[in-house]
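Enquirer: Coordinates only, no sequence provided:
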């Protein structure tokens, strides 16, 4: 659990590489740790290849539409993740459309929670 521990960009990048080969970790909570810039892309790349993680909490990680689009793209190739919690992020219609497209392809996700999301003005 890395909840609000300020792991930073370097930590997220190391975690992304670890996710690619992870065979043990099943639940990860990165809530309240900003995933901005290239961090989300690197993290999504690791998640795309992960074969064990089934629960992921990314609440209040400062994710916007572009970040959710990158994450949703990676999740199209990950049928292991069952629960995704992305509450309290700044995503709007574009991010919602990307997630919707992902859910049409991804048969593994059973629970997706986006409650409390803030929709930015267009």
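Expert: That came through, no problem. From a predicted model like this one, the values you see are computed outputs, not experimental measurements.
Enquirer: what helix or strand is the closest residue to residue 16 other than its chain neighbours on?
Expert: Among residues not flanking residue 16 along the chain, residue 46 sits closest, at 3.5 Å (CB to CB, 6 or more residues apart in numbering). The C-beta positions use only the backbone N, C-alpha and C, and glycine is treated the same way. Here residue 46 is covered by helix 38-49, with elements defined by DSSP states H and E.
Enquirer: buried sites along that helix?
Expert: Neighbour counts over helix 38-49 (16 or more other CB atoms under 10 Å) mark 39-48 as buried.
Enquirer: Over to stretch 92-109?
Expert: Quick answer for stretch 92-109 (16+ other CB under 10 Å): 92, 95-96, 98-99, 102, 106, 109.
Enquirer: now do stretch 74-81
Expert: 74-75, 78, 81.
Enquirer: mind putting the residues you listed in a markdown table, distance to residue 26 and secondary structure included?
Expert: Formatted as a markdown table, these follow (distance: CB to CB, whole Å; DSSP: H, G, I helix; E, B strand; the rest coil):
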| residue | distance to residue 26 | secondary structure |
| --- | --- | --- |
| 74 | 18 | helix |
| 75 | 16 | helix |
| 78 | 13 | coil |
| 81 | 10 | coil |
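Enquirer: Pick the one among those closest to residue 30.
Expert: When these are ranked by distance to residue 30 (CB to CB), residue 81 comes first, at 13.5 Å.
Enquirer: so where do the helices sit in the chain?
Expert: Along the chain, counting by DSSP state H, helices occupy 8-21, 38-49, 65-75, 93-105.
Enquirer: Check which helices and strands the shortest one is in contact with.
Expert: The reference is to helix 65-75. When contacts are defined as 3 or more CB pairs under 8 Å, 6 or more residues apart in numbering; DSSP states H and E, helix 65-75 packs onto helix 38-49, helix 93-105.
Enquirer: gap between the longest one and the chain center?
Expert: In terms of CA atoms, centre = their mean, to the nearest Å, the gap separating the centre of helix 93-105 from the centre of its chain is 13 Å.
Enquirer: relative orientation of that helix and helix 65-75 in degrees?
Expert: 10 degrees (axes from the mean of the first three to the mean of the last three CA atoms, to 10 degrees).
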